[in-house]
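1. Based on what follows, work out the 3D shape:
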Amino acid sequence: MKKCLVFILIALLMGAPLTRRLAYADKIDLVKLQKEEEERKKKLKKTGAPGTVITNETLKQYETQKDKEKEAGQEGEEGIVKTDATVQTGQAKPAKIDPIQTQEYWQKLRIEFEQKITDLKAKIDQDQSEYNRLFTQHLMNDLPLEKANLKKQLDNMIASLKNDKETLKRVEEEFELLPEKARKAGVPPGWLR
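-> Model prediction:
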């Protein structure tokens, strides 16, 4: 019995400093926390920012805005995104329709890309035929001044063709990425058809 009490006493004496350390480890500096909260409230009063009403619509807006910010590499303060729905009379304002979230926007974007690609291909074909014509004249001409003039025109045509081909490649790459961009924006796949 004495041995049991001695062991209990030793365990209590050894455990007391440990429990004291654990108790102080979880403490939060309440004074600092209170000051931070007061500063936040003062800042809110100074800016006059009204509170927000959280509804299913604002949650959807928050998710889409959060995705857009991640794409752009920007994130709001503490990950908070402000919405248009504000409290003034106790009711939320109706949210504005984002043009990016409409079927017409995405179809128009697809059509614009297709039109750019078609126009660039037609321009490249036209410039290539003009280049071929100038090159033939250059080979058939024996006069040095005319040959030099044709050479300048050929050099300009080559630069123009190279620029147009690079632009076409870039536009085609952007067009290929359009379905992925639409998917990230939450657009149904049928909107791009």
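2. that's a helix at Ile28, yeah?
-> No: under DSSP: H, G, I helix; E, B strand; the rest coil, Ile28 sits outside any helix and is assigned coil.
3. contacts for stretch 131-144?
-> Stretch 131-144 has contacts (C-beta atoms under 8 Å, 6 or more residues apart in numbering) with Lys147, Leu150, Lys151, Gln153, Leu154, Met157, Ile158, Leu161. Any C-beta I mention is one placed from the backbone N, CA and C, and that applies to glycine too.
4. hmm, 10 Å instead?
-> 146-151, 153-154, 156-158, 160-161 (C-beta atoms under 10 Å, 6 or more residues apart in numbering).
5. Tell me which residues of that stretch come out buried.
-> Residues of stretch 131-144 classed as buried: Tyr131, Leu134, Phe135, His138 (neighbour count, 16 or more other C-beta atoms under 10 Å).
6. Provide the secondary structure category for the first one.
-> The reference is to Tyr131. Here Tyr131 is helix, with the state taken from three-state DSSP.
7. just the last one next, same as before
-> On the three-state scheme (three-state DSSP), His138 is labelled helix.
8. Quick check: it vs Gln153, distance?
-> To Gln153, His138 is 9 Å away according to C-beta to C-beta, to the nearest Å.
9. wait, Lys121 sits on Asp164?
-> Yes: checked against C-beta atoms under 10 Å, the pair Lys121 and Asp164 is within contact range at 9.2 Å.
10. Report the mean confidence score over the strand or helix carrying Ile10.
-> Assigned by DSSP states H and E, Ile10 falls within helix 2-25. Per-residue pLDDT values over helix 2-25 give a mean of 62.
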